[in-house]
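In: give me the fold of what follows.
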Amino acid sequence: MTGSLKLISKRRAMFGDLLTYSPALICLAIMLPRLLSPQFGLFDDGNTVSVAHQVTGGGWDVWRVDADAGTGRFRPAYWLCLSLIYRLFGTDPLWYFLANGLAFAGITLGLICLTRAAGGSRLQAGTAGMLFALSSPAIESFYTLSKGEPLQLLWLVASLLVIGARSRLRKAVVRAGALLLGGFFIFLADATKETSLVMIPVSLAWFLAAWVGRKATHDRQRFQAQSTYFLATVLAGMVYLGLRASIVGQALAPGTYAGRYSLQLSQMLATGFRWAGWLTRDFSYLVPLASLLGACWVLRRRADQGAVLFDAFLWMVGWVIVFLPWGAPTVEYFLLPFAAGGSIFAGVVVGQASGAIADTSKTERALVVTGLVLTAGLFLVTLSNNAANGRQQLAVDAANADMLDYLASNLPLGSIVVVNIQDPNEYVDEIGLHLHGIWNRPDLVVDYFRYQEALLSPAASPPYYVATPSVENQPRLAVRMGVVESTVSEWNDSMLEFLDGFAEPVYQTERHFRLLTIDMLRLFCPLFPRREYCHVTSPVIDRRVFSFGWTIYQPGVETQGFVSGLPLPSQRTGAWSPRWSGGARFAPQGRERAQ
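Out: Numbers count the residues shown, from 1 in each chain. Next up, the predicted model:
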C-alpha cells in the first residue's frame, strides 16, 4: 500500500514538473508560423549577412566590424553568433529563425528555473514562464532577425542561474569556476548589446537590498549570491569596456548610434512619455496585480516572497531607465528584458493570490478574485494585439520577399531599381544589400526616387524600374515598418504625377489580413490631444483590413499585360528559399540569370 502511494506521488510530481516547464512548448508553437514562412527582413538583415560573410572570410575577426565603424558600437559576441549560423547554413533564413526559437524556449526555461530557485512554487514558476512566452515584446524580438535582445537576455538568464547555483556549492574550486562562468555570460551579454551594462547598477541595488535585509531575514545565501553577482557584473563590465577602449578607441565612443544617448532632462521626459505608452499597451495587467499585492500585504501585515518581488521590480525599473536617455524612436522589442522581470513578478503574485482565495474572508476573497479577473482581462487584450503583430510581421516580410524575388528573377542585366521612398531610409539600403548579397544580383543598381529626368526617357539605357510600396490601415503601435501610411500615399501620388503616364505597372504583390487590435491608449487621447499619436484617427477596437505590398513600374515601356504576384511559388506555399547558397555566395553570377 505504501509503495502504491509513493508511486502515485511520484507520478503526480512528474506531471507537475511537466506542467511547470510546458511554457517552452508554447514558445515553439508561437514560432511555428514564422518557421513555416521564413524570410529575411529589410531591417538590418542584409547588413547582417554581409558582415557574417566578412567575418567568416576574414579570419573570424569579430572585434573590428565595418558595419559598426562610426556608430560607436562594439558587439563581438553578437556578430560571432550570427556568423556561426551563416557559416553553417549560409543564407537560408529558416535556420536563423530556428535559432531564435531555441533561444526563446531557453530563456523561458531559465526564467522558470530562476523562479523555482527563488522559492517559487510550481504554479508561480509555470505562470512566469507562460507570461513571458506570451509577452508582447517577444513577437517582434523572435519573429525578426538581427535583434540583440534575445541573445542578450539568454546570456543574462544563464549568468543568474550559474551564480545562483554557486551559493549552494561547497568546493572552493567549483565555486570559483561558477563565478568565472557567470562572469563570462555577463561579458557575452555586454558584448552582445551595450545596454547590458545596466546590470551593474541593478546588481548593486540587489546587493544593497540583500545587505540591509540580511539581519531581518537571516538569508545569508541570498546575500552571498547577490554580492557575488555584483562582483561578476563589475568585472565583466571592466573587461568589456577595456576591450572596447583598446579597439574602438574610447571607453564610450560617440557615433551615429551611441551618440544618440543624452542626459538632457527634456529628452528623457519625452522618451519616458513614449515608453509609458508602450508599457500601458503591453503590461497594463501588472497594475491590478501590483494593487492586489499591496492590498494583500496590508491585510496580512507581512510581505511574502518580498525578496524575489523586490528584485524583479528593481530589474524592471533598471530596464526602463537605461533607455530614457535614448533619443531614437522607441520600439517594442527593447522591452524584452523588462518582460522577463515582469513575468517573474506577475507569476509570483498570481501564485500568492491563488493560494489566498481559499483561506481568506469573503471580503478579501472578493478583492482577490476581482484583481485576478482584471489581470486576466487585460492580459487577453495583449494576446489579441500580439496575434495581429505576428500576422503583420509575416505579411510585410512575405511581400518584401516577393518583390525582391521578382526583381532578382526578371530584371535585365545592369537595370536600375528606383525605390519610391523619397526620404531614403534603411529599406533603400537593405534592398540593395539583399539583391547583391542574398539574391545574387550584384549587377543591379539601387537608388531612391528623387524625380530623376531619366525616368521620363522612353528608351533609357540601362532600363529603369520603379518599386513603390503601398500600405493601408497601418496600426500605430505595432511592429516596425520602413514606411508610414500617410507618407507613402503622398509619395505615390507625387511619383505618378511626375511620371504622368510614362510608366506601366509590370508587377504587383500584396498581403492583407483583418486586424483585431484593442488600442486602449486611444482612451487617453482626450487628456493628451496634442500628442502626435492622437492626431491619426483609428478605432479603439480595430477590425479594419491591413494590407502591405509593392508595385513595380517600368517607365516609358508599354507592357503586354499586368503581371500579378499571386502565382509566385513563394506565395502559394507561404515559404521562401534563397536563390542560392553555398561557398560562392557573393560571386557575380547575375549575368547568367539575367540572360
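In: so Trp206 sits against Phe313, correct?
Out: No. Using C-beta atoms under 8 Å, Trp206 is not in contact with Phe313; the gap is 10.8 Å. Every C-beta, even on glycine, is put in place using the N, C-alpha and C of the backbone.
In: point to the residue nearest the middle of this protein.
Out: Ser141 (1.9 Å; C-alpha atoms, centre = their mean).
In: is it correct that it is in contact with Phe334?
Out: No. If you go by C-beta under 8 Å, Ser141 and Phe334 don't touch, sitting 9.1 Å apart.
In: what is in contact with the two at once?
Out: Common contact partners of Ser141 and Phe334 (C-beta atoms under 8 Å, 6 or more residues apart in numbering): Glu149.
In: show me where pLDDT drops low in this protein?
Out: 1-11, 13, 215-219, 250-254, 256, 298-303, 460, 557-595 (pLDDT under 70).
In: returning to what we had before: the host helix or strand of the residue nearest to the centre of the chain: which residues count as buried?
Out: Assigned by DSSP states H and E, Ser141 belongs to helix 136-143. Buried residues in helix 136-143, counting neighbours by 16 or more other C-beta atoms under 10 Å, are found at Ser136, Pro137, Ala138, Ile139, Glu140, Ser141, Phe142, Tyr143.
In: quickly note the distance from the last one to Gly58.
Out: Which is Tyr143. Using C-beta to C-beta, to the nearest Å, Tyr143 is found at 30 Å from Gly58.
In: please apply the same query to the third one.
Out: Counting by C-beta to C-beta, the gap between Ala138 and Gly58 amounts to 34 Å.
In: tell me the gap between the helix or strand harbouring Phe345 and the middle of its chain.
Out: Using DSSP H and E, Phe345 sits in helix 336-356. Taking C-alpha atoms, centre = their mean, to the nearest Å, one finds the center of helix 336-356 at 21 Å from the center of the full chain.
In: which strands or helices does it pack on?
Out: helix 93-117, helix 122-133, helix 136-143, helix 149-166, helix 265-283, helix 286-300, helix 306-321, helix 362-410 (3 or more C-beta pairs under 8 Å, 6 or more residues apart in numbering; DSSP states H and E).
In: pipe the ones you listed into TSV and attach distance to Leu18 per row.
Out: Formatted as TSV, these follow (distance: least, C-beta to C-beta, whole Å):
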stretch	distance to Leu18
helix 93-117	12
helix 122-133	10
helix 136-143	22
helix 149-166	20
helix 265-283	28
helix 286-300	26
helix 306-321	23
helix 362-410	23
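In: Gly556 is nearest to which of those?
Out: Of all the helices and strands packed on helix 336-356, helix 362-410 sits nearest to Gly556, with 17.2 Å by C-beta to C-beta.
In: got the angle for the closest one vs helix 336-356?
Out: Helix 362-410 and helix 336-356 are oriented at 150 degrees to each other (axes from the mean of the first three to the mean of the last three C-alpha atoms, to 10 degrees).
In: what lies in contact with the helix or strand following helix 362-410?
Out: Moving toward the C-terminus from helix 362-410, the next helix or strand (DSSP H and E) is strand 416-419. Under the contact criterion C-beta under 8 Å, 6+ apart, strand 416-419 has outside partners 407, 411, 427-428, 431, 435, 444-449, 452, 455, 462-468.
In: do stretch 196-210 as well
Out: Taking C-beta under 8 Å, 6+ apart as the rule, stretch 196-210 contacts 152, 155-156, 186, 189-190, 219, 222-223, 225-227, 229-230, 232-234, 237, 240, 307, 310-311, 314-315, 318-319, 321-322.
In: chain center to that stretch: distance?
Out: Using C-alpha atoms, centre = their mean, the offset of stretch 196-210 from its chain centre is 24 Å.
In: try stretch 526-541
Out: The mean C-alpha position of stretch 526-541 is separated from the chain mean by 26 Å, C-alpha atoms, centre = their mean.
In: using CSV, write down the CA coordinates of that stretch.
Out: Provided in CSV are the C-alpha atoms of stretch 526-541 (Å, rounded to 0.1, in the frame of the first residue of the first chain):
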residue,chain,number,x,y,z
PRO,A,526,-8.8,63.4,-24.6
LEU,A,527,-6.2,64.0,-21.9
PHE,A,528,-3.3,64.5,-24.4
PRO,A,529,-4.9,65.9,-27.5
ARG,A,530,-1.7,67.5,-28.7
ARG,A,531,0.3,64.2,-28.8
GLU,A,532,1.2,63.1,-32.3
TYR,A,533,-0.2,59.7,-31.6
CYS,A,534,-3.7,61.1,-31.2
HIS,A,535,-3.6,63.1,-34.4
VAL,A,536,-4.2,60.0,-36.5
THR,A,537,-7.7,58.7,-36.2
SER,A,538,-8.2,55.0,-35.6
PRO,A,539,-10.8,52.9,-33.7
VAL,A,540,-10.2,51.6,-30.2
ILE,A,541,-11.2,48.1,-31.4
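In: and the contacts of it?
Out: 277, 475-477, 486, 516-523, 525.
In: ok, 6 Å please
Out: Ile518, Asp519, Arg522, Cys525 (C-beta atoms under 6 Å, 6 or more residues apart in numbering).
In: check stretch 474-483 too.
Out: 42, 140, 281, 331, 389, 392-393, 425, 427, 469, 471, 485, 517.
In: again with stretch 309-329
Out: Stretch 309-329 is contacted from outside by 195, 198, 202, 205-206, 260-263, 267-268, 271-272, 334, 337-338, 341-342, 344-345, 348, using C-beta under 6 Å, 6+ apart.
In: which residues are in contact with Thr48?
Out: Leu82, Ser146.
In: flag every buried residue along the host helix or strand of it.
Out: When elements are assigned from DSSP H and E, Thr48 belongs to helix 45-57. In terms of neighbour count (16+ other C-beta under 10 Å), helix 45-57 has its buried residues at Asp45, Gly46, Asn47, Thr48, Val49, Ser50, Val51, Ala52, His53, Gln54, Val55.
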